[in-house]
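Novice: I would like the atomic coordinates for the input below:
(one chain, ligands or ions: 1)
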Amino acid sequence: MTNSSVHIADTPTRLVADLAAYLVQHADEVLNRQPFWNWALSGGSTPLALYDWLASHPDTLPWRQIRLYWGDERHVWPTDPASNFGAVRERLLRHPAIVPAAVYRWPTELDPAETLAYYRQVLRPLPRVDGYPQLDLVLLGMGDDGHTASLFPGSPQESVTDWVAYGPGPHWHRYTLTYPTLLKARQLVMLVTGAAKAALVKACLSDPEAPYPAARLYRQAPHMLWFLDAEAAQALT
Ligand SMILES: O=C(O)[C@H](O)[C@@H](O)[C@H](O)[C@H](O)COP(=O)(O)O
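Specialist: This is a model prediction of the structure:
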């Protein structure tokens with residue numbers, strides 16, 4: 001592991017500000033070479049503080065040149081409190097100054113085959129790498145079992161080679177970008193906080209045999225950036 005791939009901040013609040021600064025710093029670099037910045041957002045609770053930060057600093061990013069996708073989604077209504085899209089809509093997209101160029105939620109109100117077909121369509125215009133759509137930035141989290149996006153240990157979606165997959169997860173079935181699609185992203189950013197995940201973080205970053213989906217992704221994408229608070233990083237020192 002190169003230290004350049006791990007950023008540690010004392011607190012979750014500082015970490016979110018550092019990640020936001022990273023995004024602001026890279027906006028010009030990306031948008032000088034292309035008209036839009038294609039992000040896939042993460043679900044879960046950890047990134048909510050980032051979405052809140054971005055909403056409270058609406059002028060720091062060129063939202064009209066940012067297109068939002070989601071790395072995964074729960075098979076719930078977009079109005080359901082568990083919806084990853086819903087969480088972003090409540091915290092970010094309600095802000096009048098935040099008008100992304102496009103917002104591509106997973107249409108979970110359709111049946112799974114239609115939802116997957118729709119998401120393939122919205123990914124289709126993106127640049128291709130080895131036949132897969134290339135997102136510019138994918139924000140990820142890691143669960144207590146080492147899953148990332150909705151790639152759960154031993155889940156059938158782990159072996160899907162399509163662009164997108166539908167499969168089982170805790171509480172709800174899930175839609176997710178697949179390993180090959182995630183791996184084609186120009187930048188993967190893994191945001192992890194809390195002592196409960198410290199052993200997992202250590203394993204993912206240092207154990208070449210770590211069996212977790214987050215570790216499998218990192219082994220194939222050593223350029224992945226880990227943004228960790230001190231608690232999540234405590235086993236690294
Ligand atoms: O839909 C989801 O749940 C997320 O996309 C998932 O991959 C999340 O990032 C992890 O479960 C971590 O969740 P927490 O941030 O809540 O720990």
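
Novice: Report how many residues lie close to the residue nearest to Thr148 when sequence neighbours are not counted.
Specialist: Once flanking residues are discounted, Thr148 sits nearest to Ala214: 4.3 Å by C-beta to C-beta, 6 or more residues apart in numbering. Yep, even glycine has a C-beta here, placed from its N, CA and C like the rest. By the criterion of other C-beta atoms under 10 Å, Ala214 has 29 neighbours.

Novice: From the chain's centroid, how far away is the longest helix belonging to the chain?
Specialist: For the chain, the helix that runs over the most residues, judged by DSSP state H, is helix 12-31. The chain centroid and the centroid of helix 12-31 are separated by 14 Å under C-alpha atoms, centre = their mean, to the nearest Å.

Novice: Contacts for it next, please.
Specialist: 7, 9, 37, 49-50, 52-54, 57, 60-62, 65, 136-137, 187, 189, 191, 193, 225, 227-229 (C-beta atoms under 8 Å, 6 or more residues apart in numbering).

Novice: Just list the residues touching the residue nearest to Thr148, thanks.
Specialist: Counted by C-beta under 8 Å, 6+ apart, Ala214 has contacts Leu140, Met142, Gly146, His147, Thr148, Met190, Leu200, Cys204.

Novice: same for the ligand: which of those residues are within range?
Specialist: Met142, His147, Thr148 (C-beta under 6 Å from any ligand atom).

Novice: Close to the ligand: what parts of this protein are there?
Specialist: If contacts are counted using C-beta under 6 Å from any ligand atom, the residues of the chain sitting beside the ligand are 42-46, 72, 74, 84, 141-143, 147-150.

Novice: farthest-separated two in those residues?
Specialist: Largest separation among the residues of the chain next to the ligand by C-beta to C-beta: Arg74 and Met142, giving 16.6 Å.

Novice: where along the chain do the strands fall?
Specialist: Using DSSP state E, the strands of the chain run over residues 6-9, 37-41, 66-70, 72-74, 102-103, 128-129, 132-133, 137-140, 164-167, 174-177, 187-192, 225-229.

Novice: where in this protein is pLDDT low?
Specialist: Along the chain, segments meeting pLDDT under 70 span 1-4.

Novice: Helices of that one, residue ranges please.
Specialist: Counting by DSSP H, one finds helices in the chain at the ranges 12-31, 48-56, 84-88, 112-123, 179-183, 198-206, 213-220.

Novice: Can you give me the buried ones in the first one?
Specialist: Meaning helix 12-31. By 16 or more other C-beta atoms under 10 Å, the buried positions in helix 12-31 come out as Pro12, Leu15, Val16, Ala17, Asp18, Leu19, Ala20, Tyr22, Leu23, Ala27, Val30.
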